[in-house]
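J.: Coordinates for the following, if possible.
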Amino acid sequence: MLSHVTVGSNDLERARCFYDAVLAPLGILQRTVAPDGGPRALCWISRRSSVPRFYVYSPLDGRPAKAGNGSMIAFLAPSSDAVKAAWSAGMAHGGSDEGAPGERSRYGAGYFGAYLRDPDGNKIHVVYRGDLQRHEDSSQIPEPFR
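T.: Numbering: from 1, shown residues only. The predicted structure follows:
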């Protein structure tokens, strides 16, 4: 469904340290971005697929990066332990707490997530979707989650 998601940063090295720490427990690794004449950028991809991609850019217009009000990026975790590890790593690398790891049963049975902000204020959600993991194919996914 998605090709890529992008957030802005005022300090790419700080963003690299933060996202390397948060995304490693999820199996999402940084890849090299070839210069293309645009702003400097960082990129992460899943071990399983080259898309979607997650990018962090210095803003093209040269103005300071700002977090979007109401914007959030949710990264899928392979387990609740990975959610905890990602949140803890983010907190240790300049993140701020927006909701500690825990069950979020109002979103579905087996939904386990955590919320934090990166050092630039972008809101990040790390989630294990146990509510969907139990279903072997999409025809078995309950209607509200399809």
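
J.: alpha carbons only for contacts and neighbour counts from here, please
T.: Fine.

J.: Nearest residue to the middle of this protein?
T.: residue 75 (3.8 Å; CA atoms, centre = their mean).

J.: Next secondary structure after the helix or strand in which that residue is found?
T.: Residue 75 belongs to strand 73-76 when assigned by DSSP states H and E. For strand 73-76, the following helix or strand on the C-terminal side (DSSP H and E) is helix 80-92.

J.: show me where this protein has helices.
T.: Counting by DSSP state H, the chain has helices at residues 12-23, 80-92, 130-133.

J.: that older thread, and the strand holding residue 75, what does it pack against?
T.: If contacts are counted by 3 or more CA pairs under 8 Å, 6 or more residues apart in numbering; DSSP states H and E, strand 73-76 sits against strand 123-129.

J.: got the CA coordinates for the strand it packs on in CSV?
T.: Extracted C-alpha coordinates of strand 123-129, given in CSV (Å, rounded to 0.1, in the frame of the first residue of the first chain):
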residue,chain,number,x,y,z
LYS,A,123,5.3,10.9,17.0
ILE,A,124,6.2,7.2,16.7
HIS,A,125,4.1,4.2,17.5
VAL,A,126,5.6,0.8,17.8
VAL,A,127,3.0,-2.0,17.7
TYR,A,128,2.6,-5.8,17.9
ARG,A,129,-0.7,-6.7,16.2
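
J.: Can you get me the centre-to-centre distance for it and its chain?
T.: How far strand 123-129 lies from its chain's middle: 7 Å, per CA atoms, centre = their mean, to the nearest Å.

J.: number of nearby residues for residue 22?
T.: Residues contacting residue 22 under the criterion other CA atoms under 10 Å number 29.
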